[in-house]
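Visitor: Here's a sequence, model it:
(chains A, B and C)
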Amino acid sequence: MVILENIGCAVIKLINSFADIIYFAWKILIRIFNRNTYTSAMRTVLIDQIYFTSVQILPIFLMVSIAFGSLLIGVLFLQLKQLGLTQYFGHVLMGLIVTEFSPFITVLLITLRSGSAINTEIAVMKVNKEMSALEAFRIDVINYLLVPRVINGVISIVLLSTLFSVVLLGSGILFSSLIFGMSIDAYSNVLLNSANFSDIIIALLKSIVFGFFIILIPVRFGLQASHELTSIPIVVSRGMVNVFAAILTIEVLSLIIKLF
Amino acid sequence: MKREVKVGLFIVCTAIIICVALLYLANEKGFFARNYTFTLSSQSGDGFTEGMPVEFSGFTIGKVQKLELNDKGLVLIKIKIPQKHLKWIKIDSTFTLYRPLIGAARIIVTTDNLKSAALPEDKIPEVQIVNDINDSIEKVQPLLDKVTQIAENLERVSSKIDVMAGKADVHVFGSEGTMPQVNKILKDVNGKLERLNPTVDNVNKISTEASEGLKDIGILRSNVDDTLNAVEDVAKGVDSIISRKKEPEIKLP
Amino acid sequence: MRNFIKNHPQQAALVSIDIPLISNQSVLMNIALIKQYHENMPTAKVEPIVFNALQRLNLENIAYKRNPDLNNEERFFVMLLRAVMVRNALVIIDRPFKIIPHLKNIDYIFQALKNIEDLYVNCNIYDYEWMREKYGELSK
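Guide: Numbers count the residues shown, from 1 in each chain, chains lettered A, B, ... in the order given. Here you go, the predicted structure:
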């Protein structure tokens, strides 16, 4: 009986948490599409956020994508050559690397760097009573603090994952000529033939959804901090676990959409 | 550089990369090309699907956009051809629905005279249907008949071979067959060879005495020659007997 | 105090230890935030206003500092400047000696209020009864 009760409790908790996130996402979404949200203060925060999330890490991000991407493409092309699957390299490059791998790696990098930072930042602000300060001056916390962060997540993930794809396709030119002895013309032709417009649109949409949730969830859990300092690590770890669950869920959903 | 400028630069540059990539892809895939619609007709809509490719000389030049049924019960097939492929569609072009045994069905355009006038959009040519499955079955039918005939022939031949093998058995191994005779001949040959032995001994003797009896050699040699000729005759006899006995085996129909 | 805020919800501008500065923003942005949010004033337009206000209290050198780097007086004045940025501000100073504990009397604060008196409509100071003597003449 106790086990059943525990299972029931866990399921109810899970459903409540999921419903809470969806309701919160809806609230944020409404604000995103409301013109009044975009005040000068909000725009300043948005620019700061994009600067911290994307521009500041751009050199490191590019280096990581060149190193990681080249390594991956090199290994993949060698494997394809060894298995005699050279004719599929275009499909592997477009279908796997550009539409699946790039958004995924970008999301992981941004979650690790900015997701955790935003989760902590919001929790610390809550503990410091800075949220109450904003409310005392009739500043809407959602409009001023949360919406710019979520929009930043969407913009950053879409743009950075595109950059990642471009870098990967660039190293593809190098490796295709080294491993397959392929010219740039032949390479771009193969890419064009295997590029599927709907796949690219799905990849872009997936990046948008990723960007929305990997910031929204840390923000939501950050807001759950109490006025005690000890609540910060608790909400941060809970937030990060939930972000990774969300990443996995979105990946699975996008796969299902692709199947149909 | 101010933070705002850096952010703006980043967003603009990356957005340009995305837009250029998407536009390039769309252009290469023919999203911006002007399309022309032609209408074809068919007695039956069987085998036609929307999105089916239209091919010219093995290259896809367009696709089926829409299928309609008109008041007379004719199926109207609207095909979409981009401007760059318009030159292949002429007034005397023939349109054939080709349904291969393996692979997707397609409409094949054949234009004999590329100099003739372009096909007006309001003209409705009829689609000929080449049904690969039925055609194949029709083509395969006589082949199947032939195969059956061959199989029957083979059966007959094998039964004949059976009978002949029986006969050959009797001829070869029977009491009057080749093998006992060969045995007999071999015994004869053995006897003759045994008889040859003293002669060979003589030859040996003679050879030892050769230095002394050089004069007798001619006579002795003719003797030996005679004997050898006799052996050869016997061997020929054996050969002829064997070849005669083998004849029925060779004469297979 | 609560009733006062309730009666003037749009003008009430609190200066209190319980209403801290936003720690991840500079002094400049903390003060500018009010006009940027309520009046949608562009940053370029609001920055001179904030600098002008800081100059009046001789605090322009702390414009780019953040909350943890400020001393008690600086923190109090930044909170005060943030409050006066509210349109037609009715400034409410809640227990000022909690923000600047080492202050001997209210004169120092009064002087500052006088320097920026055109920026607000009215100012009310709330404190405990037993702090009366720190307010000197005013409390009579």
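Visitor: mind checking the longest helix of the chain?
Guide: Just so you know, I chose chain A. For chain A, the helix with the greatest residue count under DSSP state H is helix A:147-179.
Visitor: that's the wrong chain, I meant chain B
Guide: Counting by DSSP H, the longest helix found in chain B is helix B:132-173.
Visitor: Show me what that helix is packed up against.
Guide: Judged by 3 or more C-beta pairs under 8 Å, 6 or more residues apart in numbering or on different chains; DSSP states H and E, the packing partners of helix B:132-173 are strand B:94-99, helix B:178-208, helix B:214-250. Just so you know, the C-beta spots here come from the backbone N, C-alpha and C atoms, and that holds for glycine as well.
Visitor: shaky segments in chain B?
Guide: Scanning chain B for pLDDT under 70 picks out the ranges B:131-137, B:207, B:210-217, B:243-253.
Visitor: how does it divide into domains?
Guide: B:31-131, B:141-250 (automatic domain parsing).
Visitor: So which of the ones you listed is the most surrounded?
Guide: Ranked by mean neighbour count, the domains of chain B are led by domain B:31-131 with a mean of 15 (mean count of other C-beta atoms under 10 Å in any protein chain shown).
Visitor: Excluding chain neighbours, what is closest to the spatially most central residue of chain C?
Guide: In chain C, the centroid-proximal residue (C-alpha atoms, centre = their mean) is C:Leu80; its distance is 0.7 Å. Residue nearest to C:Leu80 in three dimensions, not counting chain neighbours: C:Val15, with 5.3 Å by C-beta to C-beta, 6 or more residues apart in numbering or on different chains.
Visitor: Next up, the contacts around B:Pro125.
Guide: B:Leu40, B:Ser41, B:Ser93, B:Thr94, B:Phe95, B:Leu119 (C-beta atoms under 8 Å, 6 or more residues apart in numbering or on different chains).
Visitor: I'd like the residues you listed as a markdown table, with distance to B:Gly191 appended.
Guide: A markdown table is the format used below for these (distance: C-beta to C-beta, whole Å):
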| residue | distance to B:Gly191 |
| --- | --- |
| B:Leu40 | 96 |
| B:Ser41 | 98 |
| B:Ser93 | 93 |
| B:Thr94 | 89 |
| B:Phe95 | 92 |
| B:Leu119 | 99 |
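Visitor: List just the nearest of the residues you listed to B:Ile77.
Guide: Lowest distance from B:Ile77 to the contacts of B:Pro125 (C-beta to C-beta) belongs to B:Leu40, with 4.4 Å.
Visitor: Give me the neighbour count for the residue in the stretch 1-150 of chain A that chain C sits nearest to.
Guide: Going by C-beta to the nearest C-beta, chain C is nearest to A:Ala41 of the stretch 1-150 of chain A, at 3.7 Å. By other C-beta atoms under 10 Å in any protein chain shown, the residues close to A:Ala41 number 25.
Visitor: pLDDT score assigned to residue 18?
Guide: You didn't say which chain, so I picked chain A. At A:Phe18 the predicted local distance difference test score is 88.
Visitor: let's do chain C instead
Guide: pLDDT at C:Asp18 comes out at 90.
Visitor: which residues touch the residue of the stretch 1-150 of chain B found nearest chain C?
Guide: When scored by C-beta to the nearest C-beta, the stretch 1-150 of chain B has B:Glu4 as its residue closest to chain C, at 8.6 Å. In this structure, B:Glu4 makes contact with A:Ile47, judged by C-beta under 8 Å, 6+ apart.
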